[in-house]
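J.: Have a look; sequence and predicted model below, questions after that.
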2 protein chains.
Amino acid sequence: MNDAYERARQAIEAAHGAKDALGAASASTRDAALLALAEALEEGADALLEANARDVEAARRGGLAPALLGRLGLDGRRLAGMAARARAVAALPDPLALGGGARILPSGIRLEARRVPLGLIGVVYESRPDVTTEVAGIALKAGNAAVLRGGREAEATQGVLADILAGALGRVGLPSDAVRVVTDDAERGGFKAMMESDRFDLVVPRGGAGLIERVRREAHAPVIETGVGNCHVYVDGAADLDMAEAIVVDAKVDNPAVCNAAETILVDAALAEAALPRLGRALAAQGVRLRACPRSLALLRSAGVPAEAADEADWGTEYLDLVAAVRVVEGVEGAVEHIRRYGTRHSEAIVTDSLTAAERFAAGVDAAAVYVNASTRFTDGYEWGLGAEVGISTQKLHVRGPVGLEALTTLKYVAVGSGQVRGTVARRMARVDNQPV
Amino acid sequence: MNDAYERARQAIEAAHGAKDALGAASASTRDAALLALAEALEEGADALLEANARDVEAARRGGLAPALLGRLGLDGRRLAGMAARARAVAALPDPLALGGGARILPSGIRLEARRVPLGLIGVVYESRPDVTTEVAGIALKAGNAAVLRGGREAEATQGVLADILAGALGRVGLPSDAVRVVTDDAERGGFKAMMESDRFDLVVPRGGAGLIERVRREAHAPVIETGVGNCHVYVDGAADLDMAEAIVVDAKVDNPAVCNAAETILVDAALAEAALPRLGRALAAQGVRLRACPRSLALLRSAGVPAEAADEADWGTEYLDLVAAVRVVEGVEGAVEHIRRYGTRHSEAIVTDSLTAAERFAAGVDAAAVYVNASTRFTDGYEWGLGAEVGISTQKLHVRGPVGLEALTTLKYVAVGSGQVRGTVARRMARVDNQPV
């Protein structure tokens, strides 16, 4: 194996060795670490911006796409945001303070559910350096150690961030190995080391569909899938058209590059003639290019709205851009059927004033979040009051929707008895025959 | 691919196609299906016992180990237990009735967490036919479709059970494909089809460590690991010796073949001289063979208790038999260190009257369940009041400890607004700069 693999392997072992100290740290120590991180970011601003400028320059020369360059670049304002975020996370309630309740079992044993950190978390992401401090902060707040693999393009920036994180941890008496930053090489040795490791209690991919799929297939540790959002807005026959227009435009245009943006607009056949020209014009006015099914194409063109013909691939595409697919469907059942086929279980919206249609949509669509008369853009840890998030889970186990602090914890059941044994208990309790023993 | 692969693939598709009908079924329909299953088991008893006798005979001729033969065999009493279990699960509260609460977001959106079925569940297990109806019943109760792959040895029995299940579903108007039983061939084509499928919302292995590890590595779907239990009882210096003896014997002897049985007894050096001969005698009197560390070996032998020398492999072995490893450790810290190294995060017990020792043990040990003065044998869905269980989870995501009905459900967030869009909301809310958007 190559150097990056070996370095990552060592970083994982070191972070694993530090995780018990993190788990035992008090809430005030964990919060102090976050405040120290904010301070260290401000103190290290010059070194960080200088290293980042080198990364950006190298990436520019290497021909990195402008969108990725934008994510890679730091400036004073972004840096201030990173520090502000660490302070905001420090101010959140301690996710470990709230237990899962206690009860007395028939055997007389008192069973208490304690909330404890997951342990060691791995996060695999792309070039954004601000993700490094954000994810580190959330992991620390919940008492976890973390190994963070950022993009190769951010190598110099990540190196300075690693020093800043280690310094902040050391300043409050926590092991500096509790958060380790790994940068990768062209052979993805670091990625491979993380996928093969059995040390992680959780691995989270943050990035595009390809990265997520690769992590899902290769990681030995449990994975929370995040972020692929082929989201829909369905405009029902009973929709208020003003509301529909506002929601469709917001869902598509407010920030098209993110996972909770809408990709396809579904319009009830019953309303298509009235709604489509208006929705199409509103989207086109915001620079959105339309890819339409035959019926909507005809309606749009006859209203003078520019549109192209959609093909099958459009229904499954997460454009992440100012492009929208448009399709006429037969009522709420048609919308549900389309979304079942092409949706990614992220966020789906219906605009309607019909309670029946709203209920059918909410019951029929399989997604983390179903919106009735609101934009898909609200699926967000901040909007949902979680205060911070690692991403949006599109799977069904453990956490659905925004992955907040609580999702980075688990329960430990502590059972206190007074000498109970099962053999005698079993004899005195009437039990269904043949139950698993 | 072979026939078993293709048959399993078709069964998965069929069950996937039936899952929405299950998810939409009312609690009374789901309960009616369970009652119909109980009746169908009773009505089909003769056919079932006849098929099972053929399986047992073939397995005997094929040289199946006696323990596995015991698990494969059905008789009238076991069959009555299977029917009773289905009725008991029908009588449990509906796990979908209890939602996850609702709240109003700052945007004015009302966010309601609804409890919904996971969807399609795959369970992979070995030869026990009673697992088939038990797991099917739990899956159905929680509104899920299921594909169940039992052992090859049970092929004839599984065939009759498949008919019984299909008949019971049909009798209450549910699709008979909602539960499909798959038996495998020598090339494990059915297993492979289940591992490669992207249709499952959850795959649960029930069986030995080898099966679990294979599923964990090969399944494309999320997995809940269950059942590997290298459990310990630590007898602390401050233990009551009567209580320690009762708990150690129960944990080892009550049912040594199950995952919550103890495998290693750890004894505090401070109490070793007084405790070890007594514990050793009590275990030996129950037919337990002891594998002891040098210090405990000397103490046991000088007290006339037969024991062999343990080696490193003993500490990591789940004997599932009347064998116990014994080790002297230096107080609670020594016990915690041993368990951190060799434990499988299942169930760990301490016997002590010291609150400090109990707390150190509970905080230091990483396990689903930590017992203070009670036997590890209590980690069980029935003892914990869950009414039914699929297994004991030894992982940290989604569910820890007994996997009951609620673990086979997830939340769906339904957000009801009145036209909210994020763009305008964002403008009127003061927000931390640079937050994920």
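T.: Looks like it arrived, so ask away.
J.: can you list the residues of the stretch 201-350 of chain A near chain B?
T.: Proximity of the stretch 201-350 of chain A to chain B (C-beta under 8 Å from any C-beta of the partner chain) is limited to residues A:201-202, A:216-217, A:220, A:222-224, A:240, A:242-243, A:246-247, A:249-251, A:253-255, A:258, A:340. Using the backbone N, CA and C atoms, a C-beta is placed for each residue, glycine as well.
J.: Within the helices and strands, which one has A:L74?
T.: Assigned by DSSP states H and E, A:L74 falls within no helix or strand.
J.: What pLDDT is listed against the nearest residue to it once chain neighbours are set aside?
T.: Spatially, and ignoring its direct neighbours in sequence, A:L74 is nearest to A:N52 (4.4 Å; C-beta to C-beta, 6 or more residues apart in numbering or on different chains). On pLDDT, A:N52 comes in at 96.
J.: In contact with A:A15, which residues?
T.: With contact set as C-beta atoms under 8 Å, 6 or more residues apart in numbering or on different chains, A:A15 has these partners: A:L120, A:A145, A:A146, A:V147, A:D177, A:A178, A:V179, A:R180, A:R199.
J.: Quick check: the last one touching A:L120?
T.: Yes. Under the criterion of C-beta atoms under 8 Å, A:R199 lies in contact with A:L120, with a separation of 5.7 Å.
J.: Can you show me the strands along the stretch 1-150 of chain A?
T.: Here the stretch 1-150 of chain A has its strands, by DSSP state E, counting those that start in this stretch, at A:102-104, A:110-117, A:120-124, A:145-150.
J.: Show me which of these has the highest average neighbour count.
T.: strand A:145-150 (a mean of 29; mean count of other C-beta atoms under 10 Å in any protein chain shown).
J.: okay, the strands of the stretch 1-150 of chain A in TSV with distance to A:G417 and mean pLDDT next?
T.: Shown next, in TSV, are the strands of the stretch 1-150 of chain A (distance: least, C-beta to C-beta, whole Å; pLDDT from 0 to 100):
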stretch	distance to A:G417	mean pLDDT
strand A:102-104	11	95
strand A:110-117	8	97
strand A:120-124	31	96
strand A:145-150	32	95
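J.: Nearest to B:G387, out of those strands?
T.: B:G387 sits nearest to strand A:102-104 of all the strands of the stretch 1-150 of chain A, at 14.0 Å, using C-beta to C-beta.
J.: Could you list the paired strands of that closest one along with their orientation?
T.: strand A:110-117 (antiparallel) (DSSP bridges).
J.: coming back round to it: out of the contacts of A:A15, which is nearest to chain B?
T.: A:L120 (10.5 Å; C-beta to the nearest C-beta).
J.: Could I get the contacting residues of that closest one?
T.: So A:L120 contacts A:I12, A:A15, A:H16, A:K19, A:N144, A:A145, A:A146, A:V147, A:R199, A:F200, A:D201 (C-beta under 8 Å, 6+ apart).
J.: quick check: domain ranges of chain A?
T.: A:3-224+A:403-413, A:231-378 (automatic domain parsing).
J.: end to end, how far does the longest one reach?
T.: Put plainly, it is domain A:3-224+A:403-413. End-to-end span of domain A:3-224+A:403-413 (C-alpha to C-alpha, to the nearest Å): 41 Å.
J.: now it, how far from the chain's geometric center?
T.: Relative to the chain's own centre, domain A:3-224+A:403-413 is displaced by 13 Å; criterion: C-alpha atoms, centre = their mean, to the nearest Å.
J.: and what of the last one?
T.: When C-alpha coordinates are averaged (C-alpha atoms, centre = their mean), domain A:231-378 and its chain have centres 23 Å apart.
J.: Let's verify whichever residue of the stretch 101-250 of chain A sits closest to chain B: helix, strand, or coil?
T.: Relative to chain B, the nearest point of the stretch 101-250 of chain A is A:D250 (3.4 Å; C-beta to the nearest C-beta). Look at A:D250: counting by DSSP: H, G, I helix; E, B strand; the rest coil, its state is helix.
J.: From A:F361, how far off is it?
T.: Remark: distance between A:D250 and A:F361 (C-beta to C-beta, to the nearest Å) = 18 Å.
J.: Contact partners for the residue lying closest to A:A139 once chain neighbours are set aside?
T.: Nearest non-adjacent residue to A:A139, counting by C-beta to C-beta, 6+ apart: A:A146, 4.0 Å away. Shown in contact with A:A146 (C-beta under 8 Å, 6+ apart): A:A15, A:L120, A:I121, A:G122, A:V123, A:V135, A:A136, A:A139, A:L140, A:A178, A:V179, A:R180.
J.: could you redo the last one with a cut-off of 7 Å?
T.: With contact set as C-beta atoms under 7 Å, 6 or more residues apart in numbering or on different chains, A:A146 has these partners: A:A15, A:I121, A:V123, A:V135, A:A136, A:A139, A:V179.
J.: Which single strand of chain A contains the most residues?
T.: Longest strand of chain A, by residue count under DSSP state E: strand A:409-420.
J.: quick one: buried residues of that one?
T.: For strand A:409-420, a neighbour-count test (16 or more other C-beta atoms under 10 Å in any protein chain shown) marks A:T409, A:T410, A:L411, A:K412, A:Y413, A:V414, A:A415, A:V416, A:G417, A:G419, A:Q420 as buried.
J.: Out of those, which is nearest to B:E273?
T.: Closest approach between the buried residues of strand A:409-420 and B:E273, by C-beta to C-beta: A:G419, at 22.5 Å.
J.: before we move on, the earlier item: export the strands of the stretch 1-150 of chain A to CSV and tack on distance to B:R60?
T.: Formatted as CSV, the strands of the stretch 1-150 of chain A follow (distance: least, C-beta to C-beta, whole Å):
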stretch, distance to B:R60
strand A:102-104, 46
strand A:110-117, 43
strand A:120-124, 47
strand A:145-150, 52
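J.: Go through those strands and name the closest to A:L92.
T.: A:L92 sits nearest to strand A:110-117 of all those, at 14.4 Å, using C-beta to C-beta.
J.: what's the angle from the closest one to strand A:409-420?
T.: Put simply, strand A:110-117 runs at 150 degrees to strand A:409-420, going by axes from the mean of the first three to the mean of the last three C-alpha atoms, to 10 degrees.
J.: Perfect, that will be all.
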